Structures are given as structure tokens and as C-alpha cells.
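Student: I need the structure of the sequence given here:
(chains A, B, C and D)
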Amino acid sequence: MAAPLDVAPSGDVAPEAMLSGISAKAIEGRSLGQIAWLRLRRDKVAMAGGAVVIFLILVAIFGPFLVQNPDIYHANLINPTLSRPNGPFGGISVAHPFGVEPVTGRDVLSRIVNGARVSLLIAFLATALAVSIGVVMGIIAGYVGGWVDGVIARSMDVFLAFPLLVFAIALVGVIPSSAFGLSGNSLRIGLLVFVIGFFAWPYMGRIIRGQTLSLREREFVDAARSIGARGPYILFRELLPNLVAPILVYSTLLIPTNILFEAALSYLGVGIIPPTPSWGGMISDAVNSGFYSIDPMYMIIPGLAIFITVMAFNLFGDGLRDALDPRSSR
Amino acid sequence: MRTRKTIGLAAIGAAAALALAACGGSGGSGGSGGGGGTATKASFNAGVTHVVNPSNHKGGTLNFASSSGIPDSADPGNTYYAQMWNLTRLYAMPLMTYASCPGPCGLKVVPDLATGPGVVSNNGLTWTYHIQPNVHFEDGTLVTSQDVKYAVERTFDRSKFPLGPGYYPSLLAPQNATCAKAMAAGKTTGCYPGPYVDRSKNLMGLNAVQTPNSTTVVFHLAKPFADFNYVTAIPQSAPVPPNKDTGANYQLHPISTGPYMFQSYQINKQLTMVPNPHWNPATDPNAKQLPSKIVLTFNVNPNDVDNRLLAGDIQVDLPGTGVQAAARTKILTSNSLKAQSDNPVSGFEWFMTLNNKVPPMNNIHCRMAVEYAANKTNNQTAYGGPYAGGTIGSTAAPPNVVGQKHFDLYEATTKSQGDLTKAKQQLQACGHPNGFSTGITYRSDRPKEVSVAQAMQAALARVGIKLTLHGFPTASYTSNFAGVPNYVHSHDLGITVYGWAPDWPDGYGEFYYIADGAAISPVGNTNLGELNDPLVNSLLGKFATENSATVRNSYTSQIDMQIMKDAAFLPIVYAKALLYRPSNLTNVYVQPFYGMYNYAVLGLK
Amino acid sequence: MTARAPAPHPVITFIVRRLIATVFLLIVVSMITFAIFFLLPRLAGQTTRGLASQYIGRNPTPAAVHAIEQQLGLDAPLPVQYGRFLRGIVLGEHFNAGTSKAYCPPPCFGYSFKNQQPVWPMMVSGLPVTISLAAGAAILWLVGGVAIGVISALRRGTLFDRFSMGVALAGVSLPIFFTGLIALELFSYKWPIFPNVQFVPFTQNPLLWARNLVLPWIVLAFLYAALYARLTRAGMLETMSEDYIRTARAKGLPERTVIFKHGLRAALTPIVTIFGMDIGLLLGGAILTEVTFSLHGLGLFTVEAIQNQDLPEILGVTLLAAFFIVIANLVVDVLYAVVDPRVRR
Amino acid sequence: MPDTLLDVADLRIHFPTSDGLVKAVDGISFSLERGQTLGIVGESGSGKSVTSLGIMGLHHGTNAQITGHIKLDGEELVGATPGRVRELRGSKMAMIFQDPLSSLHPYYTIGAQIAEAYLVHNQVGKKVAHKHAIDLLGRVGIPQPASRADDYPHQFSGGMRQRAMIAMALSCDPELLIADEPTTALDVTVQAQILDLIWDLQQEYHSAVIIITHDLGVVAELSDDILVMYAGRMAEYGSAEDTFDQPGHPYTWGLLASMPRIDEARLERLVPIKGTPPSLINVPSGCAFHPRCRYAGFTGGRSQTEVPELREVSPGHLAACHLTGDQRRKFRTELVLEETEASTARMTQGEA
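Tutor: Numbering: from 1, shown residues only, chains lettered A, B, ... in the order given. Below is the predicted model of the structure:
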């Protein structure tokens, strides 16, 4: 496209930003997604993180079908007097590559794999809920403005004023073991997702609101409006695609937070109900039974699982942000 | 099994974990009474039968720690935990108490504030206690019979003191005729609302307790109850001065009659006790006043408790349920540490009930087949093995119930892996030679019960009995599932994993709730096997009026034998706890009823 | 063109306006909290009877349950209960302790169901621990995190930058209780450098106070320091590429002045905002740290309250935490107005 | 006698990046005398700002590779110690930036920011510096300078901010003033005021001035010399008169065509140069302008393969183009005719 000598500021700021402006021009013609993918592919650390994330998701989906039943006890692998696994490193063997749990002799690998399903399920659902509410509220607040914006912004303040962790453990504690037509772990998962999602949306909402506010003033929205596009059309066809990048980035960064959060809740005893395995619950078991000091693998393995997962999501999220938003310098 | 209480577990669920029991099966030598006992050098289990490090050396700070707070309340009138019944002896003198001595001698109730055991009238309805005339509160005022009556009156106010046992309101005579009718109809207990509501007669409004003079207390019962001396051994009978009572706040500073009194108490944080200057050792032979300070620290990380215990930073783990796995390993693998530990039975028995109503288990032979087929060793391992779990059980009552006798009808101790031949014979007799299917219920949040259920599943499969697993949360275990007979019947739940510890160590305390046909209730049932054996029922009924110890003991063993003959119980273990006694602790021994060290007599080198 | 307004007035009106909004916000928060803890369980099928029976020992009789219901005030309609609660905070409350009416002065957050004690003093007694923990950790992480972040930004791409950012990423990816347990196991038990960790009041023995808090401080600070290092680094990088930094250099200012006076000043402003909010939210981190290190602060109090299903305690501590957050936000806003002249209006 | 203040010779500024070597400035030479004004013109990314930052020594701390010579008053700046260059910055040479709002620190008052520049190069107290700042603000035409000095940048209007920037740059009476797009962010009316101000001040201080812009109109009246840059290289260099009257490079023609002229009939639509500026990583081979040049076909393929050298098109007037002098004159004449016709056509349309 021909243009008058453009006055883009990129040529006059620091060299670094200038260069990114230049290279963006060099690969002009490709969509933002393609550009981001090109950048992302060059970021080896982020790609490694992404690979781990995909692996974890596959493990969560298919893993439970490939490992043994996580609830089977192997009393024969346990020292009857001391209740700890026979053999070093928590009874690691070919049949039990991650060893077995003290007292019960349950296979740690299968519990880690099944725990991945629970942890990721909660993290993903909670993130989805938080993001959905946040995006809808953020767009409405930013686009409609006026008193609607005022009300939504105030309610974000209210929600942000709640101490999330305190609130979550308290709420899970006071709800009876069966309620709202659910019981057991489905109720617990529902509650956790609700609490995390319902009280974390304002973080997303604020970001989206800010983005919408700035997008609203941009030419293409004016253009759409001038050709008679209606509110919803503008919202979903014009604004939403432009918000995909921040939504994607912050979702990726919200997931690890939620994984840690679920682990913390399970550690405090208000997470997933035993015997269903969860990573935080496994650490909690190791600590509360006191076995972690004589059988450190009992605690270290789920701890590492949490660590690796969160790290992978963080690495991937950071890379994604850099790829989608070259302005963020990292 | 010291675990942090998990959330969702109501206080009542925790109360069910009450450990009240007596001395181990190791058959201790009869120590001398009154806080003495035979002295011995430190060796493994020495504290079960002997006083370790006897000494009258005064001074030092005695440190307790607990991984939780005080489980219910420091108010002697509002507590239902063994650790607290043990601890309150430091600052409260009930009418009766358990003798301060190791071995079976410690299972006897002896007078504490009273001058002698309660004297029962011929009709069994009146119990009279005389109290010592020269016992003083910590502020120097003399203890009178009215203080005892007032303490009993307080227990009627269930809104202020909901946590302690409710024996007085249910056992004592109704306040008046209207109440009597209501009580007979099962509508209410008592009618007396407690001294905070009924301010009449100078706070002495309870008609069922009379104080003819300042040293005599007379209890009028609704029905005979021969175990009443056990009831007055509960700390609820410790005197409370009416003018010093602060109601719900009394827990912050109970007025002491024991060797120590509260200096400061921050709930869930710390309790500090100092010697009570008005305590007279002559009036309280069951306690000692040796350390110059006692400090209890609460909410210490469970592993930290053990580490501090082994390091000597603290001397006693308050709940007395034994060390955690890490410390257990350290202790059992070191001779010197092992010599400083005791492994007493805690008073709990873990068992399974075999249901009398669920077919085909309603056939005794099918139940016997289960008895024989079970692998008792694996069951024991499920509970933590011989030290942390307990000894393999063969009787329905644990050995620290007075009158319990050892017998073994189903080769639990002799063929602990199970006797498959006999099991098959019983199956033949039952009419299911190739086995049958039934369900087993257990508390899914208790790993030991999950473990034992799976062990049973594997063991019974050996003779063709197919067991399906049904785990339920502890909080609703008896209220919604295992304790609801209709649910049990409709779901074919033939086996139920359970555990029990009595409020006092005799056959009545042990068996009434878990084996009397009258105790079967449609909801919240505790007689989970629905045993309704006329012999058991009638023997339990006789306890109320029988005062002879020998006869009562024979009832206990007869009931036990009958339950096992019915194959109604499948014992798992007599629970045990591994306790550690630091070398600088003196006068250490296991109080057999509490199943933990006697806190009233400890001293420091 | 801009008319010059008298200087102090806008800031004061700003503060007053924010204060009013804060009070309003707190009332809304208390209503929602109350509704969630008292109304939601009811909607979920919890009965007051069931609730009351949790505070009774073995074998509760219906009469006993009813007595407890009355004692705890659960028999009144919910709006009345909420009214009582609010009145208690403003005016104090008379509580029937049995022998006499115990007066609980404002702010009375009601009486604990389980302990039958006023909630407020129990919470206050936990404050020194939590504040000691929070203050020490906050100083550690702010100083440490910002220093590492600044150095990393200035030495971008060097070994130091890569290493510290790697550690920082690990820091934000590790559960706080996991690091805590490992630290406790290694430095308190295995190599007893900090044995017998327990809270000693500062007034009693400052040295022991500090020694016993070193591990919890480090553990709590580690998470946040990592976060702040990343934030500071990103902020510094962004600021140092700002036009006004180039201007400062063009003026011939020494690099040190450019970095600290012009760069850090601007980069720190958002950090201060986040710091304020994190301080307000710190109770969350404190819960896990206090549970791990057995410190008797507000965090452990919270867990204790939840284990006992003690609604007044839960309500109290939630509101106190919300109060901290709201106040922290207020302070941040005011601070922001002081620091950033653009915000004042 | 010629009083050369700045002499730049074969200046190259390259940035190694993961995508390849970016030759942001690739062989620039010019010189500037005291009291003279040089206009550097080019599109974004042509390297004009990088050149000015290079002269100011502001690439220090980045990975820039700088070669060639920059002599300020005879002193070589390429390879000089950062400390020495810093001393010169703000005192002997100063710079004004494009966007005065983002170039002023939002947290400090205008007065403080001006005083800071004076303080760092002079041994004076804060009060003296503040007084000096107020003086300067007055000199650049800010009303009530004493009270406005305590205002923050956001309280100033755009034009006033740029005046403040100029005041800051002048605080130490610099001999060289570089103005990088000084008027781009401003309203048209304010633009003229600012340019007048720079002109006046230059007369007053007798400084050398470099004005960097993409807009030939800005430099048309102000500059003595003009340097046209394209893709980091010099396209044309000569006196302002020569460059406007006989532009020697097709790129300059394009620039002139796209320039709104107030003196002529206003064009509703500017004539753009087709295509976009090239990537500095992959500079087109040969003449960097050839993909956009409608006359590239007349060079017999040399423009694709051979980098054109700077040649004198008239004495002291250089251009880097393969076209012969005759071709240039011919094409230029055609082009001017075309434009005039087009604008006349539009005007008649507009009147009808």
C-alpha cells in the first residue's frame, strides 16, 4: 500500500524498538498470528515450555488409561513395622518407577498421572471461568462506558478486596459435603472452580477493559460504526479478534497461578477429597503423616510435578507474550 | 495416628476418636498404689509396667506440645478427650479419679476429692459422697460440697458447655413430676436448665443433687446405675466456686484445686501453669507438684513436635497418640532411643462388624467363614504394623477393659494369615460353597481403613468371597451411611470397619453402645453389626444393679465371648501408640486408662 | 491552558473521596461475606440445626442442639444476624457468657462458636506474629527483588541476568509450602542452623525474634522477591527505553543519575502500587508460611477457624483481611497521587 | 574563513541482531559550520535519527558498532571515552526530540529538569540553576516563567513543552544543536512558531543546527544545506537552493512531490512514493531505492547490481544515482509537468 512518508515513531526511538519495527515491516503481509508463531518458534525456551505443557495435557487426558489403578494398595511393598516402602528412594522399582507411598504402597506414578488430570482440570476450568467473566465484563465496561463502566469497575474493586485464599478455604469448609445436586469430588471441583474463577475475573476484566477503551477510539471501530455496524457486531467481530492476544497471554499465565492455588488448597486440606489423588494432597499427606523426612521422595515427586508444570506454563506464557507483544522487552 | 484434623470433620467426629483405655496386655506387675510403683531402669516398655526415673526433685520447666489446640476446652466441665481428662488432674480434683500407678492398678477408680468411693443406697438410686474437709481453691477458699453440686449443675447448661459428656442430665432424677413424665416419654432429659438460667435457691436449684452439709454430696438417680463411680471420675465433678464462675470464660482460668494453676492461657497458642500455693499434697496423693512451671504450646507442626521431643526441647506430646512415622523409624532403629520409649495399648480397638441382617451374612456360618478367611497380619499392617497399629486382636474388648480375658475362637493369633480350610468348611455349612458377594464400608478419608478394606478384599477372594468397596467420609459415616441400617440393608453392606474406646474401662462402658440390641437406632447407629443377642442384652442390663466387681468382670468376659461366638465382630488390632520419654523426665509411666503418660505426677531431673 | 490550582486541595479532596468510597466498599464486602458464609451453606442444604450440632460433643440431644442454636444466635433470621454483627462492630456487643453479660467493646466481631470467646482479641493477639512475618519478609523481598531486577535489567543478557532470572522463574513456580518444608527440613532439622523455630515477641528478645523468623522470612520473601525481580527488570527495561531517559542522557547527566534518579524513580512507581496490594493480600501467603512453620499468627488462626467451622471467626478474619486489602489500596492510591503528579486532579 | 564545527566522515553505525546485521547508517559524510543549518531528510528507518544519536554519543551501552569519524570542533568523538562524550553532551552539543511529552520526565517539574542540565555542567548552586531555568523559559517565550517552572510536563501544552525542551537544550549555550523532528508532534500553527524560535535562537547564539525531519517543508526555509538519506545511505547532499531547484535523485523528487506547499496551489492529495521503505536487514542490492524507482529500468540493470556512488551533479551538490545527467533532466521535467497538470485538473474539478 502506498502511503505518504509515514510518521511512525518507531524510527526515532531506541534502536531496539526500531529494529522490531523494521523486521515487522520486512515480513509484512503475514497475519499477526503468523508473525507471532515465527517469533515464538525462535524462542527455544518458550518452545520447550510449550512442549512440556502439551505433554502434560496429553498425560492428563490419556495417562490415567495407561497407568495402574492409583487406589490399589500394595501392602507387600511396605515394611510392616515402620510402614515405609521397602527399598531405597521410596521403593522405586521397574514396576513402580516413582516408588510407592508409605503405609499404603499405592503407586506414586499413577497417582501423579491422575493428579495431573485433577490439577489441570481445575486450573483450566477456573481459568476459563475467570477469563470468560473477565472478558465479557471488561468489554462491556470498556465499550459501553458511562455508568455501566462505573458499576463494573466498582464491582471489580469489591471482588479484588476479597482475600482469595482465605475466602476459598473458608468457603469450601462451610459448604456441606453434598449440595447443589452435587457431592463428593464433583462438588469440590465445582466449588474450587467457582471460587477461583469468580474471584479472579477482575484481574482479567481490568486488562480487557483497558484494551477495549483504547481500541474503541481506533479508526477501524469508527469505520465499522460509520458503515452502520451495531454494538454487538462491533463488539464481537471487530473488538474481540483484537483482544485475542492479551486474552491468550494472560490465560496462559493464569493457569499456573491456579495450579499453585489448587495445590495450596489441597495442602490445607480443603482441596480434592481422598482417595482421589491431587498433587497438593500428596504433599499434604507426606507432611501430615510425617513421612516426608524419612521418605523424601514422597514429597519431592509431587513437589517437582507442580514445579515443572507451573514453570512450563510460565515459560510458555512469557514466550507467548513476547511473541504477541514485541513491545514487552524481555 | 496423630493427624491434623481435616476440615469438614466436625468436632463430634473428632470426639469419636476419644481414646480412653487401660493398660497393655503385657500383664504388668502390680505396682504399689498412690503414685508410687516399682522403680526401674529405662528400657523399652519399662514405662508400661513401672515408674521410670522415680524422683521427688523439684524445679524446672515441663514443656508440653500439641499439633493442635486443646481439642475442646480447658474447662473440666466441658471436655471429652482423654488427653484433657489426664491433663485436668493438674488443676482439678473430681470426686473420684483413676489411681496414679502403672499397670492394671491404674484402671481402678479411687477417691480424689472424696474421702471414699460413693456409697449406693439399697435401691441403687442414691449415691452419697463425702468430700475431704481441708481442700482449698487456689485463692485459699475452702472447697465445700456446694462447689461440687454447682459444678454438676453447670453441666446441665448445654449451650455453654456442649462438649463434655451428658451423663448427669440423663442419669439424675428429673427436676419435678412434669419432667418425669416428659423423660419417660423420651422427650427431654432433665428440665433443669443450669445455674445461669435458674438463679433460684442461691444457685443451688438442682433437686437431684443435695448437700446436707458442707462435706456431703448426695446424687439421686432416675434409675440404678452401678457404674456411677466411673461417672464421678470424669473431670465434670471437680468443684467450681459459684462466685468465681465466669461461664463460657471459665476455660480461660479454671479455679484450681490441683497442684498447678493457670498463669496465662491464650487459646490455641499457649498455656502456662505455675504451682498452686494452696495445694496440699496430703489431700491429693494422686498428683505431684514437682516442676516449677508447666508450659503447653499448641498448634506445633506435627513433625516438629517429634523433632523437639527427640531433641529434648519439649518433654511430652500432649495428645499421647504416639510419634509420627519419621520419629518412629528413628526410635525403632536405635537401641538407645528405643530404650526410652513405650508402646502401650491406647484403649482403642479397631474392628469390623459382620452384619446379622444382611444376607447371606445373616447366616452365622457365612460370618465365620469371613472370620477364618481374613488375613489378620495384613490387616495389622494396614493399621501401621505392631508398633503404630497395634497387637492383632482376637476378642471384642481390648485388654485394658477390666474383666477382659484372652481367648481366640478363630485362630486370629495362631494362624494369622487365615485358615482357608476352615473358611471353606464354613462356607459349605452356610450354603455358599463357592463364596458369595457382599459390600464393605469404611471411612474413605482414613488411609488405614481404606487399606484394611483392600486387604480384606484380597484375603476373602481366596475363598471366593467377593467384596465390593464402599468408602464414605468420616463426617457422615454413621449419620448417613454405615449408621443407617436401612441404607446398609438396601446396599448389601455386610462388613463395616469401625473402632471404639469406652468412656470407662468395664464391660458396660465398652459394649453398651456397640453391642446392645437397645442401642440399634435408625440413624446414627453405633451397633453397626445390628447384634441383638438376648444373652448379651440381658448381661448388659444386669450391670446397672450389680455392684460386685467379680460378678461384673465375669459379665464382661461372657459378653465378649458371646459376641465372638456370634461372629459379630472381626477384631483387627488393639491399638497401640509409640510414646517417647526424654531422659530428663522423672516419674514417667503409662496411666493405663488414658493409654498415655500420667501427666499429674511428672517431674524433671 | 492549565489553570494553576492551589496545591494541597486536590490531594485532600482526593483522599476524602477515597475514604468515603472505602467505607462503602467495606460495607458491601461485609454483606457479601456474610451472605456467603451464612446464606450460601443454607442454600446448599446446611441447616442451623446441623450447624449447631457441630459444637456439641458426643450424642447431642435435640434440646442441647436447640440450646446451642439460641446461644449462637442462629435461630434469628439472617438479616437480623447481620444487623447484630454490624452493630457489634460499631457499638460493641453484650454476650451471654453464663454468669454475667460479658461486654465485648467495638470493634466486636462477634463471639467464636467453638471457643466462646470474642473474636477480635483473638485476632489481635495473632497480629504481632503476622506483622513481624510480613514486615520482615516485605523488606527482604522489596530490597532484594528490586536490587536484583535493576542489576539484571542493566546487565541484560549477562550471566548474572540469566542466572537470577532463572532463579526468579523457579521462585514464582514453587509452591510456598514446598520451599518452606524443604527449608525447615534442611536448616532446622538436618543442619540445625535455625532450630526450634517459634515466635518470640520482639519486646521480649529482639535477637531471638529475628533468629527464629529468618527462615519464614526467607521462604515467604523468596516467592515475592522472584516476582519483584521479574517485574522490576521488565519495568526497568521499559523505562530505560523511554524518551525521557534519552533526554536525560542527552543532557549529559552521569549514568548513575540517569539510572537512579530518572529510570528507577519511574520504574518503581508501578512496583510500589503492586507492593501495596501485595501487602494487603499477604495474609494468603502468611497462612501457608504460618502453617508450615507453626507460627501462631492470623494465618494459623484462620486455618484453625476453618477446621472448627467457626463462622464468626471465619467472618472476622475474612473481613479483617479485606480491610487490609482495601486500606492498602487506599494507601497505594494516595501514595500514587503523591508520587505521580499526573494522577492528581 | 570557514569555521567548521562538525565534520562527519564515512560514519557507519551497525547493529548486530539475531536477524542479521542492521546497517542503520552506512557511510555518511558531511560537515557543518558555526551559524549554519543542515537539514537531514528521509523516511522512517532511513537512519537520520541513528546518525544524530551517534553524534550525541547516545548509542553507548547498546551493541552498536560505530566506525568512521565524528569531529566536533576538531575533537574526535568516535572512540572517545564515554565520560568525555558525556561532558560534551548538553554543554557543547544539545538535542531536541520529536515528542516533547514523552521526552520530558513526568515526575519532575519543568524548572527542575532544565536546572538539572545546567547544574551538571556548571559549578553553581540549586538556586542559581533554578533562576537560570526561569530565565531560559522566559527567553523561549513561556509567559510567567517563574510560576510555570514549578509545573509538571502534563500541565503544559504541546507547543510549550517543546519550548521547554528547547530551553533545556540551550541551558549551556551549546555550539551544536540537533533538532530531531522538532515539530512533528505539534499543530501546524505551533510548528511555525517553534521553527521561528529555533531560527531566532540560532541567530542569537550563533550555533550550528542540524534539523532532522521527514518533511522537506520544514527545512526548506531554515536550512543552508540539505542531506537526503535513504536506507542508511546518502542519496543527495547539497545546498538547500540546489536541492530544491535541481534535485538530483529520483527519491528527492518523490519527497518534493509529497511535500505540501503553501506557496503553490494546495494539493488535496499528496503524491506519494510507491512502496515502503526497505528493511535494513535486507537492503535491496545495488541502489537501495531501485524497487521503488520508476526510472530504475533506464540504468541498464546497474541499479540492481551496483551501489551508486555519490557524484557531483553540480559543484558542491552530490547525488547517488546511476542516471546520467541528461536522463535526470528529462525525467524531472516530465514529472513536474505531470504534477502541474494533475493539480490543475483537480482544482477545476473542485471548482465545478
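
Student: now the helices for the chain?
Tutor: No chain specified, so I'll use chain A. Using DSSP state H, the helices of chain A run over residues A:15-26, A:32-42, A:44-66, A:88-91, A:108-144, A:146-160, A:164-174, A:184-216, A:219-226, A:231-233, A:240-267, A:279-288, A:297-324.

Student: sorry, should have said chain C
Tutor: Here chain C has its helices, by DSSP H, at C:8-34, C:40-43, C:48-53, C:62-72, C:78-91, C:119-154, C:159-173, C:176-184, C:206-240, C:243-250, C:255-257, C:265-293, C:298-307, C:311-339.

Student: helices or strands up against the last one?
Tutor: The elements that helix C:311-339 packs onto, with contact taken as 3 or more C-beta pairs under 8 Å, 6 or more residues apart in numbering or on different chains; DSSP states H and E, are helix A:146-160, helix A:164-174, helix C:8-34, helix C:119-154, helix C:265-293, helix C:298-307. (C-beta placed from N, C-alpha, C; glycine too.)

Student: Dump these to CSV, plus distance to B:Q404 and mean pLDDT.
Tutor: Formatted as CSV, the helices and strands packed on helix C:311-339 follow (distance: least, C-beta to C-beta, whole Å; pLDDT from 0 to 100):
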stretch, distance to B:Q404, mean pLDDT
helix A:146-160, 61, 82
helix A:164-174, 40, 76
helix C:8-34, 53, 79
helix C:119-154, 44, 88
helix C:265-293, 41, 81
helix C:298-307, 35, 83
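
Student: Go through these and pick out the most buried.
Tutor: Greatest average neighbour count among the helices and strands packed on helix C:311-339 goes to helix C:298-307 (a mean of 28), per mean count of other C-beta atoms under 10 Å in any protein chain shown.

Student: all strands in the stretch 51-200 of chain D, in order from the N-terminus.
Tutor: Assigned by DSSP state E, counting those that start in this stretch, the stretch 51-200 of chain D shows strands spanning D:65-72, D:75-76, D:93-96, D:176-180.

Student: Which residues are in contact with residue 91?
Tutor: Went with chain A since none was named. A:L77, A:P85, A:G99, A:V100, A:G105 (C-beta atoms under 8 Å, 6 or more residues apart in numbering or on different chains).

Student: That was the other one, I meant chain D.
Tutor: Residues near D:S91 by C-beta under 8 Å, 6+ apart: C:G252, D:H121, D:C172, D:P174.

Student: What distance do you get for it to D:F97?
Tutor: In this view, D:S91 and D:F97 are 18 Å apart by C-beta to C-beta, to the nearest Å.

Student: Next: B:S121.
Tutor: The gap separating B:S121 from D:F97 is 107 Å, by C-beta to C-beta.

Student: between those two, who's got more neighbours?
Tutor: Per other C-beta atoms under 10 Å in any protein chain shown, whichever of B:S121 and D:F97 has more neighbours is D:F97, with 27 against 13.

Student: Nearest residue to that one in space, please, no chain neighbours.
Tutor: D:S103 (4.1 Å; C-beta to C-beta, 6 or more residues apart in numbering or on different chains).

Student: Quick check, C:V303 in contact with C:T289.
Tutor: No: the criterion here is C-beta atoms under 8 Å, and C:V303 misses it with C:T289 at 11.6 Å.

Student: Can you get me a residue count around the residue nearest to D:F97?
Tutor: Number of residues near D:S103 (other C-beta under 10 Å) recorded here: 27.

Student: same question, A:G33
Tutor: Per other C-beta under 10 Å, the neighbour tally for A:G33 reads 12.

Student: still on that earlier bit, sort out for me which of the contacts of D:S91 are in helices.
Tutor: Using DSSP H, those in helices are D:H121.

Student: Compare the contacts of D:S91 and tell me which is most surrounded.
Tutor: Busiest of the contacts of D:S91 [other C-beta under 10 Å] is C:G252, holding 24 neighbours.

Student: any idea how far chain D is from that residue?
Tutor: As for C:G252, its distance to chain D is 3 Å (criterion: C-beta to the nearest C-beta, to the nearest Å).

Student: what's near enough to touch that residue?
Tutor: D:R86, D:E87, D:L88, D:R89, D:G90, D:S91, D:A117, D:V120, D:H121.

Student: Which pLDDT value does the model give it?
Tutor: pLDDT, C:G252: 83.

Student: now swap in the one 3 residues further on and tell me
Tutor: Confidence at C:E255, expressed as pLDDT, is 84.

Student: gap between it and chain D?
Tutor: Distance of C:E255 to chain D, computed by C-beta to the nearest C-beta: 8 Å.

Student: ok, which stretches of the stretch 201-350 of chain D are helices?
Tutor: Using DSSP state H, counting those that start in this stretch, the helices of the stretch 201-350 of chain D run over D:216-222, D:240-245, D:250-257, D:302-305, D:325-351.

Student: Deepest-packed of the ones you listed, please.
Tutor: Neighbour counts (mean count of other C-beta under 10 Å) averaged over each of those peak at helix D:250-257, with a mean of 23.

Student: Break chain B into its domains for me.
Tutor: B:39-293+B:580-604, B:345-576 (automatic domain parsing).

Student: Tell me which of these lies nearest to B:N299.
Tutor: Evaluated with C-beta to C-beta, those place domain B:39-293+B:580-604 nearest to B:N299, the distance being 5.8 Å.

Student: low pLDDT regions in the stretch 51-200 of chain C?
Tutor: Residue ranges of the stretch 51-200 of chain C with pLDDT under 70: C:53-62, C:97-102, C:196.

Student: repeat that for 90
Tutor: Where the stretch 51-200 of chain C drops to pLDDT under 90, the residues are C:51-136, C:138, C:141-142, C:144-146, C:148-200.
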